[in-house]
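Colleague: Sharing a model prediction with you, sequence too.
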Amino acid sequence: MAAPSRYLHGTSPTEQERLSLLNRLMNEAALRELSLGGGERIVDFGSGLGQLSLGMARVAGQRLVGIERSEEQLARAERDPLLDLRQGDVTDPPLREDEWGRFDVAHARFILEHVPDPPAVVRQMVRAVRPGGRIVLQDDDHDVLRFHPEPPGFMTMWRAYERTYDRIGCDPYIGRRLVSLLHEAGAKPSRSTLLNFGSCAGDPNFPSFIENISVILEGARGAIVGGGLLGRGEFEAGLDGLAAWSQRPDAAFWYAIFWAEGVRP
């Protein structure tokens with residue numbers, strides 16, 4: 001049996017609120033990049049709260065199948081006739097026999113970084129689509145985060161956060177591997193790009209982006225401090241440095257989501 005996903009951030013109400021906020025900040029760019037033409041049958045691997053899933057379903061005008069392991073996420077997920085949300089693991093998706101090889105698009109965002117065997121997930125995605133169908137991967141590469149001026153102590157804390165991934169057998173730099181994963185799974189890679197996100201003190205969304213980063217790190221406090229990756233004092237200093245930095249009129253950061261897609265031969 002394939003190993004289950006290992007979601008570092010947990011499923012507390014605070015984490016659900018963070019994910020909802022992140023969806024609001026990023027989904028418009030993701031939908032634009034998907035360039036759906038309408039009529040596509042889509043399966044979303046790791047559908048989470050279903051916000052992006054619902055956006056895709058509305059553009060496609062078709063019912064979307066979403067696969068989500070977490071009962072907590074499903075309990076808070078979007079409810080809409082266009083969504084068929086099913087509980088199950090992305091390494092063993094709960095698709096009916098007559099659904100395999102019938103989808104036009106298999107999509108996954110922010111899931112491969114949380115599984116110990118990413119190739120197994122991508123193989124299932126390739127298997128789910130018809131010949132000529134698209135496999136779309138979006139995921140993080142945490143090394144691309146850049147701040148200027150750099151908040152005191154923040155990058156030390158961020159590097160410790162990255163280490164929490166490999167401690168549980170996951171990859172914080174999975175984004176750079178997406179094209180290789182498509183190739184290894186038998187898909188023909190067709191496109192790679194970045195969804196760039198940046199913000200600065202004068203941007204109305206800036207506080208929301210900083211809140212997202214702060215909640216991520218607070219959620220990883222136990223893994224970072226309890227795991228001996230950083231002392232409690234250093235951790236607090238990093239959070240304090242981020243909070244003070246966010247009040248600077250020249251504060252700015254840049255980040256990117258790695259994007260790759262391929263087609264099933």
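Modeller: Received it, and whenever you're ready, just let me know what you need.

Colleague: So residue 68 versus residue 259, what's the distance?
Modeller: Taken as Cβ to Cβ, to the nearest Å, the spacing of residue 68 relative to residue 259 amounts to 21 Å. Placement of C-beta: from N, CA and C, glycine included.

Colleague: So which of the two has more stuff around it?
Modeller: residue 68 (24 against 21; other Cβ atoms under 10 Å).

Colleague: Now for the closest residue to that one other than its chain neighbours, how many residues are close by?
Modeller: Take residue 68 and drop its neighbours on the chain: the residue closest to it by Cβ to Cβ, 6 or more residues apart in numbering is residue 47, 4.8 Å away. The local packing count at residue 47 equals 31, with neighbours defined by other Cβ under 10 Å.

Colleague: Make sure residue 47 is indeed in a strand.
Modeller: No: residue state for residue 47 (DSSP: H, G, I helix; E, B strand; the rest coil) corresponds to coil; a strand is not indicated.

Colleague: Check whether it really touches residue 66, as I assumed.
Modeller: Yes: the pair residue 47 / residue 66 is scored as a contact, 3.0 Å apart, by Cβ atoms under 8 Å.

Colleague: got the contact list for the residue most central in space within the chain?
Modeller: When Cα atoms, centre = their mean is applied to the chain, the residue found nearest the centroid is residue 110 (1.8 Å). For residue 110, the contacting residues are 46, 48, 138-140, by Cβ atoms under 8 Å, 6 or more residues apart in numbering.

Colleague: Relative to residue 152, how far out is it?
Modeller: 29 Å.

Colleague: Helices of the protein, start to end?
Modeller: Under the criterion DSSP state H, helices of the chain are mapped to 13-34, 51-60, 71-76, 118-128, 154-167, 178-184, 206-219, 221, 232-245.

Colleague: Output the ones you listed as CSV; include the columns mean neighbour count and distance to residue 198.
Modeller: Supplementary listing: the helices of the chain in CSV, determined by neighbours: other Cβ atoms under 10 Å; distance: least, Cβ to Cβ, whole Å:
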stretch, mean neighbour count, distance to residue 198
helix 13-34, 16, 12
helix 51-60, 22, 20
helix 71-76, 15, 28
helix 118-128, 22, 27
helix 154-167, 18, 16
helix 178-184, 19, 21
helix 206-219, 17, 9
helix 221, 15, 26
helix 232-245, 16, 15
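
Colleague: Turn the ones you listed into TSV, columns for distance to residue 190 and mean pLDDT.
Modeller: Putting the helices of the chain into TSV (distance: least, Cβ to Cβ, whole Å; pLDDT from 0 to 100) gives the following:
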stretch	distance to residue 190	mean pLDDT
helix 13-34	13	76
helix 51-60	19	96
helix 71-76	30	91
helix 118-128	13	98
helix 154-167	28	96
helix 178-184	9	98
helix 206-219	31	91
helix 221	40	96
helix 232-245	38	96
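
Colleague: Residue 244 against residue 151, yeah?
Modeller: Yes: with the criterion set as Cβ under 8 Å, residue 244 and residue 151 qualify as a contacting pair; they are 7.3 Å apart.

Colleague: Just give the number of residues close to the closest residue to residue 169 other than its chain neighbours.
Modeller: Taking Cβ to Cβ, 6+ apart as the measure, residue 169 lies nearest to residue 116, with 4.3 Å between them; neighbours along the chain are not counted. A total of 15 residues lie near residue 116 under the criterion other Cβ under 10 Å.

Colleague: Nice, that's everything, thank you.
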